[in-house]
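Trainee: Dropping the sequence and predicted coords here.
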Amino acid sequence: MEHTFKTLGTMLDCSRNAVMTVESVKRWIDLTAKLGCNTLHLYMEDTYEVDDNPYFGHLRGRYSKAELKEIDAYAAAQDMQVIPCIQTLAHVNALFHWPVYREIHDAADILLTGDERTYELVEGMFRTLRECLRTNVVNIGMDEADLLGLGKYLTLHGYRDRFGILMEHLRRVSEMAKKYDFELLMWGDMFFRLAGGDYFTNFNQNPELGEIPEEIKQLVPENIHLVYWDYFSRDRQSYERNIDAHNAIKPGSWFAGGLWTWTGFAPHNAFSIATMREAMRACRAKGVENVVMTMWGDNGAECSKFAVLPALFTVAQMAKGIDNEAAIHANFEEKFGIPFEGFRALDLTGTQNDSAEAIYNPDKYLLFCDPFMGQFDNRVKSGDAAGYADCAARLAVYADHAEYGYLFRSLRALCDFLSMKADLGIRTRAAYLSGDQKAAKALCADYDAAVERLDVFYAAYEQQWMRDNKPHGFDVQDLRIGGQRQRLLHCRDRLLAYAEGRLDRIEELEEPVLDCCCEEKADGQATRAIFWHEIASANVI
């Protein structure tokens, strides 16, 4: 059964440290083509080769021209179009690691508009894409450039209307693209941000903010098409209203939803399905022809893209007109040999604490939080540690599956570690504050057990990463996981010294436990904390 959309595709984030190997991309193409997808969007901020720019993506696992051509040819053989998603304005923070690009740095992660060196770089991007890919469509990004014109640009030119700056830059980039016969996609949020401040909340609560003046609409180049992106809403009316708002600027907007892979190690299939179900219904109702499912990798790209297979399959089935949950689940098991809910158990690593349709990530913050500092202790419920043991047992059922067992082995090992680590800080603080040196000494064995389980997780996770991705970027996981291992050992040694009377005080354990979200009362409610440096320590990293 064919789907009714002109294009249905997925987007792989290859910019947040996990650059899929060519073989993994081929595996993904095989999978998604069989599900009915006919586009593959590759999100590449700086992870592709650009002539005369040796530092562009240097040490980041960038795709060479030969690799891009190989991917494109493989996709074309399956009637799939590879669409590059690049950045020509913001989200290029990795570039500014290198001094050679700091002269074209405006503010935050934004390129300096109006500088000819910026446009030389952008032309180099287009030149590579034209050489390597068959497509005539390029997504040029330009999203979330909130500080546009407020950094070096402000110093050089003074304050100017920021919408004007955006439109000038957009016209330059669009004219350049015409030289290479590219039609352009652009994430749509900046039109609304500069008009009203916020892409979602303000517009949904104040529809008048979506009323872009006619003279502004006329400034949008003819080769630009907007992409309405929304990964959060479970309200069909909200989707329909926002589709209309984008189409009012430029008819024929694309839609991008989210298959949630970007909160940590665990996927969020249930939440992805809840949002995409309403989004797909809205897209059908509004005649949207082009749909893409994004899989971002914020702050380390820990989660495998293959882990959202239940959500991916559900959307692909809906695109074919199959909207019955029981039928979708039966079709999934028939195709992959794992029950739908059995595969979705991967979600449990991030949601066992609370609702399955939430986007919490205790899998990440309980892994990396400090056992002495207690920053996340009041986000742990009394049964969480035992809950993780139960999760580990459920995930073990499919650990030997030929194709996807490696995903279950990795998250099973993480759950096994969290069954020891989740409340380790709470138990440590209780023993210390009660002055129970005997209990404190007994806890040292739990620190040893946690380290052993962390080692098991590390080995399983390293295998997962290397199966899916290039090795570049795993250095960050080495630093983070290795740092947690060393911290557990150091805390154990100090706890033992206290228990044996060699240390009078453990000052961190005397600090009050305040809520990480600054709420008055948390009562063990899970939360979402994406960034490792904010999880690992309140100190400067």
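Mentor: In hand now; what should we look at? Residues are numbered from 1 along each chain as shown.
Trainee: Just list the residues touching Arg394, thanks.
Mentor: Ala345, Leu348 (Cβ atoms under 8 Å, 6 or more residues apart in numbering). Any C-beta I mention is one placed from the backbone N, CA and C, and that applies to glycine too.
Trainee: what's the spacing between the helix or strand harbouring Tyr153 and its chain's center?
Mentor: In the assignment (DSSP states H and E), Tyr153 maps to helix 152-157. On the basis of Cα atoms, centre = their mean, to the nearest Å, helix 152-157 sits 32 Å off its chain's mean C-alpha point.
Trainee: Return the alpha-carbon coordinates of that helix using PDB.
Mentor: Taking C-alpha atoms only, helix 152-157 is exported to PDB below (Å, rounded to 0.1, in the frame of the first residue of the first chain):
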ATOM      1  CA  LYS A 152      29.700  41.400  16.200                       C
ATOM      2  CA  TYR A 153      27.200  42.600  13.700                       C
ATOM      3  CA  LEU A 154      25.900  45.100  16.200                       C
ATOM      4  CA  THR A 155      29.500  46.300  16.900                       C
ATOM      5  CA  LEU A 156      30.100  46.800  13.200                       C
ATOM      6  CA  HIS A 157      26.800  48.200  12.000                       C
END
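Trainee: Strands of the stretch 101-250 of the chain, residue ranges please.
Mentor: For the stretch 101-250 of the chain, the strands defined by DSSP state E, counting those that start in this stretch cover 137-139, 183-187, 224-229.
Trainee: Give me the contact list for the shortest one.
Mentor: Pointing back at strand 137-139 there. Contacts for strand 137-139 (Cβ under 8 Å, 6+ apart): 41, 81, 83-86, 126, 129, 177, 182-187, 227.
Trainee: max-length helix in this structure?
Mentor: Criterion DSSP state H: the longest helix present in the chain is helix 437-468.
Trainee: Show me what secondary structure element comes after that one.
Mentor: Trace forward from helix 437-468 with DSSP H and E and the next one is helix 474-499.
Trainee: Quick check: mean pLDDT of that next one?
Mentor: Mean pLDDT, helix 474-499: 99.
Trainee: Which other helices and strands does it contact?
Mentor: Counting by 3 or more Cβ pairs under 8 Å, 6 or more residues apart in numbering; DSSP states H and E, the packing neighbours recorded for helix 474-499 are helix 362-368, helix 424-433, helix 437-468, helix 532-536.
Trainee: With distance to Gly337 added, can I get these in JSON lines?
Mentor: Compiled in JSON lines, the helices and strands packed on helix 474-499 are given as follows (distance: least, Cβ to Cβ, whole Å):
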{"stretch": "helix 362-368", "distance to Gly337": "25"}
{"stretch": "helix 424-433", "distance to Gly337": "37"}
{"stretch": "helix 437-468", "distance to Gly337": "19"}
{"stretch": "helix 532-536", "distance to Gly337": "35"}
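Trainee: rewinding a little: among the strands of the stretch 101-250 of the chain, which is nearest Leu147?
Mentor: strand 183-187 (16.3 Å; Cβ to Cβ).
Trainee: Just the strands from the stretch 251-400 of the chain, written as ranges.
Mentor: 254-258, 290-295.
Trainee: The first one pairs with which strands, and in what direction?
Mentor: Pointing back at strand 254-258 there. If you go by DSSP bridges, strand 254-258 pairs up with strand 224-229 (parallel), strand 290-295 (parallel).
Trainee: can you list the domain ranges for this protein.
Mentor: 7-336, 343-536 (automatic domain parsing).
Trainee: Okay, now the unreliable bits of this protein?
Mentor: For the chain, the stretches with pLDDT under 70 are 1-3, 195-198, 200-212, 352-356.
Trainee: first to last residue in stretch 249-263, what's the distance?
Mentor: Chord length of stretch 249-263, first to last residue, is 32 Å (Cα to Cα, to the nearest Å).
Trainee: same deal with stretch 388-408?
Mentor: Stretch 388-408 has an end-to-end distance of 14 Å (Cα to Cα).
Trainee: With stretch 32-40 instead?
Mentor: With Cα to Cα as the measure, stretch 32-40 spans 9 Å from end to end.
Trainee: Name the residues that touch that stretch?
Mentor: So stretch 32-40 is contacted by 1-3, 7-12, 25, 28-29, 75, 78-83, 292, 312-313, 316, 319-320 (Cβ under 8 Å, 6+ apart).
Trainee: These in helices, which ones?
Mentor: Val25, Trp28, Ile29, Ala75, Leu312, Phe313, Ala316, Ala319.
Trainee: top of the residues you listed by neighbour count?
Mentor: When neighbours are counted by other Cβ atoms under 10 Å, Ala75 leads the ones in helices among the contacts of stretch 32-40 with 26 neighbours.
Trainee: now, of the strands paired with strand 254-258, which is deepest in the fold?
Mentor: Most buried of those, by mean neighbour count (mean count of other Cβ atoms under 10 Å): strand 290-295, with a mean of 24.
Trainee: so which of the strands paired with strand 254-258 comes closest to Asn136?
Mentor: Nearest of the strands paired with strand 254-258 (Cβ to Cβ): strand 224-229, 12.1 Å.
Trainee: what about the closest residue to Arg505 other than its chain neighbours, neighbour count?
Mentor: With sequence-adjacent residues excluded and distances taken as Cβ to Cβ, 6 or more residues apart in numbering, Arg505 is closest to Tyr498, at 7.6 Å. Tyr498 has 19 neighbouring residues, counting by other Cβ under 10 Å.
Trainee: which residues touch Tyr498?
Mentor: Tyr498 neighbours (Cβ under 8 Å, 6+ apart): Tyr432, Gln437, Ala440, Asp504, Arg505, Ile506.
Trainee: out of those, who's nearest Thr47?
Mentor: Using Cβ to Cβ, the contacts of Tyr498 come closest to Thr47 at Ile506, 43.9 Å.
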